[in-house]
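Q: Sharing a model prediction with you, sequence too.
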Amino acid sequence: MADDQEDSSRQSAPDLRILGDEITLQPSGYIENAQATKEGKEEALMKNMARFRSEPLQFLREVSLYVSGTGWRAYDDVIGQPIFYSGFSEHIKTQVMSASLLQAKISQLADMRVEVEIKEGLLNKDDKDFLMKRAQRRGVLVQSLQDVAENMTDNMICKFESKAFIRGAYYVVTQLLLRAYHQGIHVSSEEVLRLRRVAEEAARKKQSIIFLPCHRSHVDYVSLQLLCYRLGLALPIVVAGDNLNFPVVGSFLQHAGAMYIRRSFGDDQLYTTLVQAYIDVLLQGGYNLECFIEGGRSRTGKLLPPKFGILSFVLDSLLSGRVEDAVICPVSTQYDKVVETEGYVTELLGVPKKKENLADFLSGGSSVLSLRLGRVDVRFHEPWSLRGFVDEQIKRLSKVPSSININWKDTQNAVVRQKLLRTLGYKVLADINDVSVVMPTALIGTVLLTLRGRGVGRTELIRRVEWLTDRVRAKGGRVAHFGNAPLSDVIERGLDVLGKDLVGVVAGLAEPTYYAVDRFQLSFYRNMTIHLFISEALVAAALYTRVKRGGGPSIQDIPYKDLHDQVLFLSSLFRGEFIYSGEGLLVNLEKTLLGLEADNVIHLERDEQTGEITKVGLSDAERAAGRENYDFYCFLIWPFIEASWLAAVSLMGLVPPVGQDSKDADDIWIRVARAHESAQLLGKTLYHQGDLSYFEAVNKETLKNSYNRFEEEGIIQVVKSKDTKIPPRLRVAPEWRPRRDPNTGNLIASGRLWDFTEKIASSRREGKNRRDGATVSTRVVMLTDELGRKLFEEAVKADQEGAKKGGSVSARLSREDELALKRNVKEKKRRRTLENRAHL
């Protein structure tokens, strides 16, 4: 095993460590000097800003190098289009405002408004001066829209104006970042050299590089900007939510590369066109762009489903012919420790997110400076041509038989564009996963949360981290590069970074014994590895439907067809949670089974004549080893299975209580946010009563994903009103509603929704009363029914009060909303058919 690790280390790309002014190439055979670890450059760098009193001359000399722009700090010979010159912002604004797309939209909106005013009698057609007045009114409207658009543009665009500013910003931000991440920013030298070559070619062709990173922390965009600056690449313009545009900080970020957009565009046609025009200008000019493929930050540690907002603008620029091509560069940013995880836990447990403000920014920043959070690893996937991707997809789609009559070469067709957009988004996510580096903290967190028992001894922890490291590499994953440092030292670093608030140690025993202190927060780091093993985890969970029965091996074996069906069900259930291989279920399932067989985790029975797999079960070796490897895969997926089960159970309570006739039952809708909160309350109650094994199951994001998945499959129906004062509402689809006992009014644990819930439960690790299923189902259903009854009472009360006040009635649908619901249900059915989705 040691030899294999050594070979793997030799073959991996060396790291480029960036610490302030120092860039150090660490080849694969690099061995860090023990003394340097304690007193070397990392420790010295931590003291750069703090040494002002003791070394004022050295401090001032350092600052003067940036002020004067000595050497690379000048940021003169960058690879890319010219930026950071006086007048840059005005130049971009002029191009945006003169864009034919924007001017056409302004004319159209002015014409539409004039027609409305004519219909309303504000402009009299019979007036002898009608044509003149109409032209004057149209001119006023056009000028007004021009002014609005210009103001929006000024607030939106990034303002690369001053090299002196960016030099100072680089120095200050680098020092601040490296006070927190004291081991620096690491990149692969191989990837950086490749990126520079691509950037040179893109600059020659005047093409933009579109960086598409994952998003786990606010440090993501800071680290990428610092890297581009230090490596001499033109800084990308970063798409940022306007929630970050608060006093002082907002202006600083805008001059460092941020472009601000609204979190939601609504029906604002002018704003939507303005964003498109700005994206066009950037891509036509060859300016680099950065946007986060997931939209917001991942609070769970794993990749989120792609958000298609900015990508749709980029794709439209290309498909419309306004832009010839652009270069896509997926980026993975990994951390020893993410500074925001404590806040994430609070949000995921249901505490409302606080709006960003300067006071919190400053107070939070000062506390971060005293932390030792390890290092940041940034990895760049091999960049690729967006035009080449589109051409390849259209060629492929044109050859595949389709159940609907679509001309896949017609890129103006909405169905074709949607297909291209989804494929683009998921390809980028897959590329990010391919280059992601697994950090020591992720290895430790994964091991601690996938072992039975209260804790783990030091020797066993090292053994399991070593096993997991081998499994990561065997799956094609990467482990953070630490040269030839002993694994025990790497683990010690990881434990030190995680800290006693996450991982505790019991002293005074025969050997140090570690245990998870905050499992919820530690799950963030476990989730950084789950994408590598999702196929094995789904197979393990499907096999668990038989293993949980106990008894002899023959009882626990599962027919291949049953295993296939359960894996299909679970993979469809979690399509919004995980990124799967694009090879298809059958191919992926067979590869996974063969891999688990080769690892001696399972045994496969085959038909003697055809050689096809007929039965699957645990191997004798795995049973003899206490199922430790099989359990590892189960422990990875169980929290997500339990969260989906919890979400499904919570739907049982959304059946109208007795006392309302069928008409009223269809009329009353529950606010989506309140349904989510009720599901969380149900989960917390079940956890503390022992019927839920994982507190992570009450995770707001995972529950929300489950509800979204249920909506996609028509289990629940969601209506979003055009009236912004009315929040989204939901109900269980009539055909999915369970029945009530006609005598008692109690919910009956049977029917389509309950069968669906039980199918999820068949793969979950149940709580303390798992051997008494009838008792559990009765108690759980009664509890969810009680919570649901309160939701309906609350909705009816709000409905009645709203009617009395003559305001918006949010518990019932307007005629417009009813029509929108019918269209939505029909569209979802059509989309499922189009995408050939596996149905739950």
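A: That came in fine, so what should we check first?
Q: low-scoring pLDDT stretches of the stretch 51-200 of the chain, where are they?
A: Applying pLDDT under 70 to the stretch 51-200 of the chain flags residues 51-59, 61-62.
Q: Which parts of it are helices?
A: Under the criterion DSSP state H, counting those that start in this stretch, helices of the stretch 51-200 of the chain are mapped to 56-68, 88-97, 100-119, 130-156, 163-180, 189-205.
Q: Going by neighbour count, which residues in the longest one are buried?
A: I take that to be helix 130-156. Using 16 or more other C-beta atoms under 10 Å as the test for burial, helix 130-156 gives Arg134, Arg137, Arg138, Leu141, Val142, Leu145, Ala149, Met152, Thr153, Met156. All C-beta atoms are positioned from the backbone trio N, CA, C, and that covers glycine.
Q: can you check the third one too?
A: By neighbour count, and taking 16+ other C-beta under 10 Å as the criterion, the buried residues in helix 100-119 are Leu101, Leu102, Gln103, Lys105, Ile106, Leu109, Ala110, Arg113, Val114.
Q: Can you tell me which residue is spatially central in the chain?
A: Closest residue to the average C-alpha location of the chain: Leu304 at 2.4 Å, with C-alpha atoms, centre = their mean.
Q: Quick check, that one in contact with Glu294.
A: Yes: applying C-beta atoms under 8 Å as the test, Leu304 and Glu294 come out as touching, 4.0 Å apart.
Q: For burial, what's the neighbour tally of Gly350?
A: When counting by other C-beta atoms under 10 Å, one arrives at 15 neighbours for Gly350.
Q: Return the residue of this protein that is most distant from the centre.
A: Computed with C-alpha atoms, centre = their mean, the residue of the chain farthest from its C-alpha average is Lys128, at 60.9 Å.
Q: what separates that residue from Lys119, distance-wise?
A: Lys128 sits 20 Å away from Lys119, going by C-beta to C-beta, to the nearest Å.
Q: I'd guessed Leu102 sits against Ala149; true?
A: Yes: contact between Leu102 and Ala149 holds when scored by C-beta under 8 Å: they sit 6.6 Å apart.
Q: what is in contact with these two at once?
A: Counting by C-beta atoms under 8 Å, 6 or more residues apart in numbering, the common neighbours of Leu102 and Ala149 are Leu274.
Q: mind checking which of the helices of the stretch 51-200 of the chain is nearest Phe211?
A: For these, proximity to Phe211 was assessed by C-beta to C-beta; helix 189-205 is nearest, at 9.7 Å.
Q: now for that closest one, which elements pack on it?
A: Using 3 or more C-beta pairs under 8 Å, 6 or more residues apart in numbering; DSSP states H and E as the contact criterion, the elements in contact with helix 189-205 are strand 15-19, strand 209-213, strand 327-335, strand 376-380.
Q: how about the ones you listed in JSON lines, adding mean pLDDT, distance to Leu783 and mean neighbour count?
A: Listed next are the helices and strands packed on helix 189-205 as JSON lines, based on pLDDT from 0 to 100; distance: least, C-beta to C-beta, whole Å; neighbours: other C-beta atoms under 10 Å:
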{"stretch": "strand 15-19", "mean pLDDT": "66", "distance to Leu783": "52", "mean neighbour count": "22"}
{"stretch": "strand 209-213", "mean pLDDT": "97", "distance to Leu783": "42", "mean neighbour count": "25"}
{"stretch": "strand 327-335", "mean pLDDT": "96", "distance to Leu783": "39", "mean neighbour count": "24"}
{"stretch": "strand 376-380", "mean pLDDT": "93", "distance to Leu783": "44", "mean neighbour count": "24"}
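Q: between these, which gets nearest to Ile602?
A: Nearest to Ile602 among the helices and strands packed on helix 189-205 is strand 327-335; the distance by C-beta to C-beta comes to 31.0 Å.
Q: Can you name the element that comes right after that closest one?
A: Downstream of strand 327-335, the next assigned helix or strand under DSSP states H and E is helix 341-348.
Q: remind me, longest helix of the chain?
A: Of all segments of type helix in the chain, defined using DSSP state H, the longest is helix 773-805.
Q: Can you lay out the helices of the stretch 51-200 of the chain as a markdown table showing distance to Tyr515?
A: Compiled in a markdown table, the helices of the stretch 51-200 of the chain are given as follows (distance: least, C-beta to C-beta, whole Å):
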| stretch | distance to Tyr515 |
| --- | --- |
| helix 56-68 | 44 |
| helix 88-97 | 54 |
| helix 100-119 | 59 |
| helix 130-156 | 49 |
| helix 163-180 | 26 |
| helix 189-205 | 37 |
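Q: I'm done for today, thanks for sticking with me.
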